[in-house]
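[1] compute the structure for the input listed below.
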Amino acid sequence: MSWVLALTGLAAEPGVVTALAPRQPHRATDVVELLALAQSGGADGVLVSARFPQMTRDVALRAVRCGVPVWGLVDPGDDVGERTLQDWGVPVVPVADAGDVVAVLAAATAPDRPAAPAGRPGPLIAVLGAPGAPGATTVALNTALAWQAPALLLDADARAPAIGFHLGVADGTPGVRGAGRQADHGRLTPEQLVAACHREGDTAVLVTSPGTPVADPLLVVATRTGRTVVADCGADPAGAAPVLARADLTVVVGVPTALGVSRWLDALPAVRRHCGVRWVAVWNQLRRGAAPLPRLQRFVASVAPGVPVTGLPWDRRWHARRGPWRSRAGGSHPAFRALAGDLAAEVAPR
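    Residues are numbered from 1 along each chain as shown. So this is what the prediction gives:
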């Protein structure tokens with residue numbers, strides 16, 4: 001087992017190589033070789049610089065999906081490199097000499113240190129939408145606000161996060177980046193995470209910026225806050241793979257139009273690939289002239305037997321208006337209170 005080095009343009013590279021010499025590191029020449037080594041099972045981890053050719057967020061995420069930790073190394077004072085690595089969603093460590101590298105390796109190879117629990121672990125509910133904006137963000141936002149106990153709403157849509165817009169909170173403030181960086185180093189406690197969140201009533205809200213995937217260490221801390229975590233995963237199962245893999249329940253949202261049902265059906269293979277065995281189908285914007293709920297239940301039973309199906313009725317206050325959540329009669333709609341109750345029953349200890 002050895003570390004894979006992808007450190008083009010890093011001034012501290014000689015010190016890194018010297019520090020890793022006893023571990024026989026392998027220097028990747030391109031992203032193809034990097035991913036091949038990550039998939040082989042023979043790598044302890046990947047150390048990458050911001051200027052490694054053809055390196056992207058998707059490449060970093062694919063390496064993480066192989067079970068390999070990815071760490072970004074940057075020269076002290078290299079703000080551009082640090083921002084690039086943050087956009088890739090990897091923990092960033094400034095390195096000036098071999099001693100810094102030894103500290104990085106010690107943290108990366110140490111046994112997992114769970115954050116101090118604050119109450120019993122809470123369930124994680126992932127809300128995933130089929131392509132075409134079926135309302136996954138609306139469902140996630142209002143379900144978290146309608147939850148019977150204080151919940152934690154997490155914007156896990158790395159492609160087009162919208163929770164911050166709906167609540168009037170600036171992207172990344174306080175955001176996943178700062179909390180995620182602390183979680184990656186094992187320094188984030190559940191209490192600190194809740195304190196860093198925006199508050200909407202009793203609901204804690206953690207917003208994010210485009211291109212910032214939620215890493216597993218942050219999810220571990222979030223589930224140890226004692227709150228139910230509701231994560232808006234958007235319509236990108238691959239980008240939200242870490243969240244979906246850890247979720248206790250996935251809510252797959254669709255709209256009951258001909259095109260909406262077709263898109264929901266097209267998304268089904270990705271749902272089965274990335275989600276756990278427990279998921280429910282929620283049909284949003286049910287109204288006169290659309291397929292009735294019983295017909296949708298029969299349809300889902302024919303393609304995904306045993307999956308619970310529920311619906312949310314069309315309401316002009318929610319669906320016919322654009323803009324921030326508060327300007328759309330924001331509050332606890334009876335349909336979302338009912339949905340929150342149904343989901344709470346699904347994730348209750350059996």
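[2] where do the strands of the stretch 251-350 of the chain begin and end?
    279-286, 309-313 (DSSP state E, counting those that start in this stretch).
[3] looking at those, which is buried most?
    Compared across the strands of the stretch 251-350 of the chain, strand 279-286 shows the largest average neighbour count, a mean of 22 (mean count of other CB atoms under 10 Å). All C-beta atoms are positioned from the backbone trio N, CA, C, and that covers glycine.
[4] that one vs strand 309-313, what angle?
    20 degrees (axes from the mean of the first three to the mean of the last three CA atoms, to 10 degrees).
[5] what helices or strands is strand 279-286 leaning on?
    helix 136-146, strand 249-254, helix 293-303, strand 309-313, helix 334-347 (3 or more CB pairs under 8 Å, 6 or more residues apart in numbering; DSSP states H and E).
[6] circling back to that earlier point, okay, the strands of the stretch 251-350 of the chain in a markdown table with distance to Thr138 next?
    Below are the strands of the stretch 251-350 of the chain laid out as a markdown table (distance: least, CB to CB, whole Å):
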| stretch | distance to Thr138 |
| --- | --- |
| strand 279-286 | 7 |
| strand 309-313 | 9 |
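[7] wait, which of those is closest to Glu346?
    Closest to Glu346 of the strands of the stretch 251-350 of the chain, according to CB to CB: strand 279-286, at 6.5 Å.
[8] spatially, what comes nearest to Thr84 if we skip its sequence neighbours?
    Among residues not flanking Thr84 along the chain, Ala50 sits closest, at 4.0 Å (CB to CB, 6 or more residues apart in numbering).
[9] again with Ala247
    Nearest one to Ala247, counting by CB to CB, 6+ apart, is Ala126 at 3.9 Å.
[10] could you give the backbone dihedrals for the one you found?
    phi -100, psi 130 (degrees, to the nearest 10).
[11] just to check, it is in contact with Leu249?
    Yes - look at Ala126 against Leu249 with CB atoms under 8 Å: they come within range, at 7.4 Å.
[12] if you count what's nearby, which of these two comes out ahead?
    Neighbours were counted for Ala126 and for Leu249 using other CB atoms under 10 Å; Ala126 has more, 29 against 18.
[13] tell me the bridge partners for that one.
    Beta-bridge pairing for Ala126 (DSSP bridges): Ala231, Thr250.
[14] which residues touch it?
    156, 231, 233, 240, 243-244, 247, 249-251, 275 (CB atoms under 8 Å, 6 or more residues apart in numbering).
[15] nearest to Ala136 among those?
    Closest approach to Ala136 among these (CB to CB): Cys233, at 7.1 Å.
[16] the closest one and Ser262, how far apart?
    With the distance defined as CB to CB, to the nearest Å, Cys233 ends up 21 Å from Ser262.
[17] neighbour-wise, which of those two wins?
    Legend: neighbour count by other CB under 10 Å for Cys233 and Ser262, higher for Cys233 (31 against 14).
[18] ramachandran coordinates for the more buried one?
    The phi/psi pair for Cys233 (degrees, to the nearest 10) reads phi -100, psi 0.
[19] grab the nearest non-local neighbour of it.
    That would be Ala240: by CB to CB, 6+ apart, it lies 3.7 Å from Cys233.
[20] for the helix or strand where Val229 lies, packing partners?
    Val229 is located in strand 228-232, with elements delineated by DSSP states H and E. Applying 3+ CB pairs under 8 Å, 6+ apart, we find strand 228-232 packed against strand 124-129, helix 136-146, strand 151-155.
[21] tell me which of these lies nearest to His166.
    The nearest among the helices and strands packed on strand 228-232, by CB to CB, is helix 136-146 at 6.0 Å.
[22] for the closest one, what is the average pLDDT?
    Helix 136-146 comes out with an average pLDDT of 90.
[23] so what does it touch, helix or strand wise?
    Packed next to helix 136-146, using 3+ CB pairs under 8 Å, 6+ apart, are strand 124-129, strand 151-155, helix 163-167, strand 203-206, strand 228-232, strand 249-254, strand 279-286, helix 334-347.
[24] for the protein, give me the ranges with low pLDDT.
    Scanning the chain for pLDDT under 70 picks out 1, 41-42, 65-67, 97-120, 170-178, 276-277, 289-290, 316-332, 349-350.
[25] domain parsing for it?
    What automatic domain parsing lists as the domains of the chain is 2-109, 124-347.
[26] buried set for stretch 145-162?
    145-147, 150-158, 161-162 (16 or more other CB atoms under 10 Å).
[27] okay if I get those residues as CSV plus distance to Ser209?
    Shown next, in CSV, are the buried residues of stretch 145-162 (distance: CB to CB, whole Å):
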residue, distance to Ser209
Leu145, 22
Ala146, 26
Trp147, 25
Pro150, 25
Ala151, 22
Leu152, 18
Leu153, 16
Leu154, 14
Asp155, 9
Ala156, 12
Asp157, 11
Ala158, 9
Pro161, 7
Ala162, 12
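[28] just the CA atoms of the longest helix belonging to the chain, as CSV, please.
    When the chain is parsed with DSSP state H, its longest helix is helix 258-274. Only the C-alpha atoms of helix 258-274 are listed here, as CSV (Å, rounded to 0.1, in the frame of the first residue of the first chain):
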residue,chain,number,x,y,z
ALA,A,258,-46.3,12.8,-19.0
LEU,A,259,-42.8,14.3,-19.3
GLY,A,260,-42.3,14.2,-15.5
VAL,A,261,-43.2,10.5,-15.2
SER,A,262,-40.9,9.7,-18.1
ARG,A,263,-38.0,11.6,-16.5
TRP,A,264,-38.7,9.9,-13.2
LEU,A,265,-38.5,6.5,-14.9
ASP,A,266,-35.3,7.4,-16.7
ALA,A,267,-33.7,8.4,-13.3
LEU,A,268,-34.7,5.1,-11.7
PRO,A,269,-31.4,3.2,-12.6
ALA,A,270,-29.3,5.9,-11.0
VAL,A,271,-31.6,5.9,-8.0
ARG,A,272,-31.1,2.2,-7.6
ARG,A,273,-27.3,2.5,-8.1
HIS,A,274,-26.7,5.3,-5.6
